[in-house]
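return atomic coordinates for the entry below.
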Amino acid sequence: MTKPSAPKRFLPTSPFKAPVALPPKQFAVGDQVTHDVHGLGRVIGIEAGIATVVDFGSAQERILSPYAKMSKL
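Reported below is the predicted structural model:
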């Protein structure tokens, strides 16, 4: 199966609701986080909406926005 080449359009007269865009995740220095690949860590740096630097104990990783695999504890 192939992906459609263009995103779906939602008409104002449609009986179906348009998908709601979630607000971007916000993290602060010192927040405890969990990542699907790296595990538990603590935010040690923020790069204004671009990325966060997280210390996972054994390594420090730069996680790029939109942080799909990372959540705040």
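
which residue of this protein lies farthest from its centroid?
Relative to the mean C-alpha coordinate of the chain, counting by CA atoms, centre = their mean, the farthest residue is T13 (31.6 Å).

check the gap between that one and A6 for me.
20 Å (CB to CB, to the nearest Å). Glycine gets a C-beta too; all of them are placed from N, C-alpha and C.

the top strand by length along the chain - contacts with which helices or strands?
Assignment by DSSP state E gives strand 39-47 as the longest strand of the chain. Under the contact definition 3 or more CB pairs under 8 Å, 6 or more residues apart in numbering; DSSP states H and E, strand 39-47 sits against strand 32-35, strand 51-55, strand 60-64.

centre of the chain to it, how far?
Computed by CA atoms, centre = their mean, to the nearest Å, the chain-centroid distance of strand 39-47 equals 13 Å.

equivalent analysis for stretch 56-63, please.
16 Å.

quick check: mean pLDDT of it?
Mean pLDDT, stretch 56-63: 94.

now that stretch: buried residues?
56, 63 (16 or more other CB atoms under 10 Å).

how far does it stretch from start to finish?
This stretch, stretch 56-63, spans 11 Å end to end (CA to CA, to the nearest Å).

that older thread, adding distance to G41, write the helices and strands packed on strand 39-47 out as CSV.
Output for those, formatted as CSV (distance: least, CB to CB, whole Å):
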stretch, distance to G41
strand 32-35, 6
strand 51-55, 4
strand 60-64, 8
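
ranking those strands by mean neighbour count, which comes first?
strand 51-55 (a mean of 18; mean count of other CB atoms under 10 Å).

that one packs against which elements?
By 3+ CB pairs under 8 Å, 6+ apart, strand 51-55 packs against strand 39-47, strand 60-64.
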